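Show me the folded form of this:
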Amino acid sequence: MSSDRPRSYNLGDLFELVAASAPDRLCIAGGDLRYTFGAFDRRTNRVAQMLIGLGCEPGAKVAVYAWNRVEWAELFFGSFKARVVPINVNYRYVAHELEYLFDNSDSEVVIFERGFAPVIEEIRSKMTKVRTFVVMEDGTEHPTPWAQSYEELVGAQSDAAFDNDRSGDDLYFLYTGGTTGMPKGVMWRHEDIFFAALSSALGEPITSPEQIAERSLPVEFALPSLIIAPLMHGAAQWGMCNMLFAGGPVVLYTGHGFDAHEIWSIAEREKCMGITLVGDAMGRPLADALTDGSGSWDLSGVFRIGSGGGVFSPAVQQALKDALPHIMVMDSYGASETGAGGMATEGGARRFIVSPELQVLDENLVPIEPGSEQIGQLARTGHIPLGYYKDEEKTARTFPVDADGRRWSVPGDSASVDADGVVTMLGRGSQCINTGGEKVYPEEVEEALKAHPAVYDALVVGLPDERWGERVVAVVQPRAGMTPSLEDLATHCREFVAGYKVPRALTLVEQVKRSPSGKADYRWAKDAASVE
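Purely as a prediction, here's the structure:
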């Protein structure tokens, strides 16, 4: 890239600045691939040129349908260099959901792993907006004569830097998991998502793009961070960017299933100093692997385990600290519509110290008084999304403007503010259970349930009740060989929550269903509970 061109807050520009400052430092590793910052920078130039060569104009949408792999990351940054919008595709989606996503996002190019070819084939004739399919090899042998080879296309490009008028106004999309309906595309400007979610490792906010290179970690502190969560979700994308923008290496977990033993082996082999995951769904099996005698690892170099996109219950947080007393276990608050903005205090009680841009608002969009015990909605102003792609109604509802003309992002997370300014997260308001006029937030009861020794995982839902309106129902995955009773769990829960929050019914399941990133599937839980 021309050295005299002013740099922008385009995420591709920012990566180039970091890469130029530490070209020989390890940047990213995953599976059999390893790149230094310089080599990865050149590789993403090739990817960008490939996309431009495929006819992608600035703002074009390119869907990435793959498990975690280094190519996912290079498509992420290569797209930004090409001023193209990468679309995250949930690899668990069935054909109907994929058809909706490709259509809603206006994806022109779909880049997919060969193993997903049968699903693509099922809906390909309906994907009228997609003009190019590109296939990445994954060891499977599904024929795709209608798709071009990813490696052949990338290999044919120049790896030289180039100018193309990148801007901090270029778009970054993050499609939500669709827990309240079909997926929604959250639209961010690059500059806004950078300051809202991708710069926490840099300390004080930078005042010019060029400063990002000056904030790179000293080489002795630039130790790898292991990203376990899938890159198709914001928690992993943001965790990756925070490390890379600080000049720190990233190691991707590329397994197609959650293997706690393999994850600890990677952490030991790569000498990872930090691990980024999502809540109990990943934290509990990792803690169990450390304590059940099934493996042994030298994890003396790990000093931070952080969760984004889902908090640790106190039981899981304590289990990790008991197994690795030297580590710091952290929760961070974030949402697709707000970015990141809070760090949990000790204790795993969903209490967060939040940045000044986040406030808890009442129904009139006025900040509630700290210490008032009033429940409001956590909201962010300043660097927030433009809205939901092609959905003006939901945009107006989620991004309202207050009486002073300030625009807020209010995704629906209920919270209160202590007198000292610490925010207690209560949960997504749409999942709140109303029983006899009292509000019950599922997360609080789930934490209590998961502290029981016979409970491996749990979700809590409300079902219709003639007397109370809704009754609290626990959907529990027991530990192997255990069968907890409703009486046992109710007695246990009374030690942690008020009586009206205690489950009145229990459904035992073989496995609690969650998304690949660990997020709860409350629609499934309600269906499971209704069967009983």
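
Check the spacing between residue 352 and residue 422 real quick.
Using CB to CB, to the nearest Å, one obtains 7 Å as the distance from residue 352 to residue 422. Using the backbone N, CA and C atoms, a C-beta is placed for each residue, glycine as well.

Just the buried residues of stretch 425-437, please?
Neighbour counts using 16 or more other CB atoms under 10 Å place 425-429, 431-433, 435 of stretch 425-437 among the buried residues.

and those residues, which of them are in helices?
Among the buried residues of stretch 425-437, the subset assigned to helices under DSSP state H is empty.

which one in those residues is the model shakiest on?
When these are compared by pLDDT, residue 429 scores lowest at 75.

So for residue 352 and residue 422, which sits in the more crowded spot?
Higher neighbour count among residue 352 and residue 422: residue 352, with 22 against 17, using other CB atoms under 10 Å.

residues contacting the closest residue to that one other than its chain neighbours?
Among residues not flanking residue 352 along the chain, residue 342 sits closest, at 3.6 Å (CB to CB, 6 or more residues apart in numbering). For residue 342, the contacting residues are 332-334, 352-355, 358, 423, by CB atoms under 8 Å, 6 or more residues apart in numbering.

Columns secondary structure on top of these, output as CSV?
Conversion of these to CSV gives the following (DSSP: H, G, I helix; E, B strand; the rest coil):
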residue, secondary structure
332, strand
333, strand
334, strand
352, strand
353, strand
354, strand
355, coil
358, strand
423, strand
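
quick one: which of those is nearest residue 111?
Among those, residue 334 lies closest to residue 111 (CB to CB), at 26.3 Å.

Quick check: the closest one vs residue 515, distance?
Taking CB to CB as the measure, residue 334 falls 15 Å from residue 515.

residue contacts, the closest residue to residue 505 other than its chain neighbours?
Using CB to CB, 6+ apart and skipping residues adjacent in sequence, the residue nearest residue 505 is residue 473, 4.5 Å away. Residues near residue 473 by CB under 8 Å, 6+ apart: 460-463, 503-507, 529.

Contact partners for the most centrally placed residue in the chain?
Centrality entry for the chain: nearest residue to the mean C-alpha point is residue 235, 2.3 Å, by CA atoms, centre = their mean. If a contact means CB under 8 Å, 6+ apart, then residue 235 has 229, 276, 278, 308-310, 334, 517 as its contacts.

per-residue confidence at it?
With respect to pLDDT, residue 235 scores 90.

Please, which helix or strand holds it?
Of the helices and strands defined by DSSP states H and E, residue 235 is found in helix 234-245.

Tell me where the model's unsure across the stretch 51-200 of the chain.
In the predicted model, the stretch 51-200 of the chain carries pLDDT under 70 at residues 177-181.

Just the helices from it, written as ranges.
Using DSSP state H, counting those that start in this stretch, the helices of the stretch 51-200 of the chain run over residues 70-81, 95-104, 117-123, 150-155, 190-193.

now the last one: how far from the chain's centre is it?
Looking back up the chat, that one is helix 190-193. Between the centre of helix 190-193 and the centre of its host chain there is 17 Å, according to CA atoms, centre = their mean, to the nearest Å.

list the buried ones in whichever helix or strand comes after it?
Read in the C-terminal direction, the helix or strand following helix 190-193 is helix 211-214, with elements assigned using DSSP H and E. In terms of neighbour count (16+ other CB under 10 Å), helix 211-214 has its buried residues at 212-213.

who touches helix 211-214?
Contacting residues not belonging to helix 211-214 are listed as 14, 17-18, 20-21, 202, 206, 245 [CB under 8 Å, 6+ apart].

How far does the helix or strand that comes right after that helix sit from its chain's centre?
Heading C-terminal from helix 211-214, the first helix or strand you meet, by DSSP H and E, is strand 225-227. From the chain centre to the centre of strand 225-227 is a distance of 13 Å (CA atoms, centre = their mean).

And stretch 167-186, by the same measure?
12 Å.

first vs last residue of that stretch, how far apart are they?
With CA to CA, to the nearest Å as the measure, stretch 167-186 spans 19 Å from end to end.

Buried ones in it, by neighbour count?
By 16+ other CB under 10 Å, the buried positions in stretch 167-186 come out as 167-168, 170-178, 183-186.

Quick check: the farthest pair among the residues you listed?
Between any two of those, the greatest separation by CB to CB is 29.9 Å, found for 167 and 178.

From residue 10, how far off is residue 463?
Counting by CB to CB, the gap from residue 463 to residue 10 is 48 Å.

Revised request: answer the last question for residue 399.
Taking CB to CB as the criterion, residue 399 is separated from residue 10 by 23 Å.

Between those two, which has more neighbouring residues?
The residue with more neighbours, out of residue 399 and residue 10, is residue 10; 25 against 20, by other CB under 10 Å.

what's around residue 391, how many residues?
As a burial measure, the neighbour count of residue 391 was computed by other CB under 10 Å and equals 15.

how about it, what does it touch?
For residue 391, the contact set (CB under 8 Å, 6+ apart) comprises residue 184.

roughly how far apart are the residue of the chain positioned farthest from its centre and residue 461?
No residue in the chain has its C-alpha farther from the mean C-alpha position than residue 467, which lies at 39.0 Å (CA atoms, centre = their mean). According to CB to CB, residue 467 and residue 461 sit 18 Å apart.

Could you chop this protein up by domain?
Here the domain parsing of the chain from automatic domain parsing is 11-207, 226-381+399-427, 432-531.

Tabulate the ones you listed (a markdown table), appending distance to residue 216.
Conversion of the domains of the chain to a markdown table gives the following (distance: least, CB to CB, whole Å):
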| stretch | distance to residue 216 |
| --- | --- |
| domain 11-207 | 5 |
| domain 226-381+399-427 | 3 |
| domain 432-531 | 28 |
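
Residue 388 is nearest to which of those domains?
Closest to residue 388 of the domains of the chain is domain 11-207 (CB to CB; 4.8 Å).

Wait, residue 197 touches residue 336, no?
No. Because the distance of 9.6 Å does not satisfy CB atoms under 8 Å, residue 197 is recorded as not touching residue 336.

Those two: which is more packed in?
Regarding residue 197 and residue 336, a neighbour count based on other CB under 10 Å identifies residue 197 as having more, with 28 against 23.

contacting residues for the more buried one?
When the contact criterion is CB under 8 Å, 6+ apart, the partners of residue 197 are 234, 238, 241-242, 334, 339-340.

Swap in 7 Å and give it another go.
Taking CB atoms under 7 Å, 6 or more residues apart in numbering as the definition of contact, the neighbours of residue 197 are 238, 334, 339-340.

next one: residue 283
277, 307, 312, 316, 320.

That one and residue 231: what is the separation?
According to CB to CB, residue 283 and residue 231 sit 19 Å apart.

for residue 29, same thing?
When CB to CB is the yardstick, residue 29 and residue 231 sit 14 Å from each other.

So which of the two has more stuff around it?
residue 231 (25 against 19).

Give me the neighbour count for the residue nearest to the more buried one when sequence neighbours are not counted.
For residue 231, the nearest residue in space outside its immediate sequence neighbours is residue 72; the separation is 4.6 Å by CB to CB, 6+ apart. The criterion is other CB under 10 Å. On that basis, residue 72 has 26 neighbouring residues.

What separation do you get for residue 72 and residue 439?
Here residue 72 is placed at a distance of 40 Å from residue 439 (CB to CB).

what's the answer for residue 395, then?
According to CB to CB, residue 395 and residue 439 sit 27 Å apart.

which of the two has more neighbours?
Neighbours were counted for residue 395 and for residue 439 using other CB under 10 Å; residue 395 has more, 18 against 15.

Buried ones in stretch 92-107, by neighbour count?
Judged by neighbour count (16+ other CB under 10 Å), stretch 92-107 contains these buried residues: 93, 97-99, 101-102, 104-107.

Other residues contacting that stretch?
61-63, 87, 89, 110, 119, 122-123, 126-127, 129-130, 175, 182-183, 185, 390, 515-516.

Give me the subset of the residues you listed lying in strands.
Among the contacts of stretch 92-107, the residues falling in strands (DSSP state E) are 61-63, 87, 110, 175, 185.

Cool, thanks, talk later.
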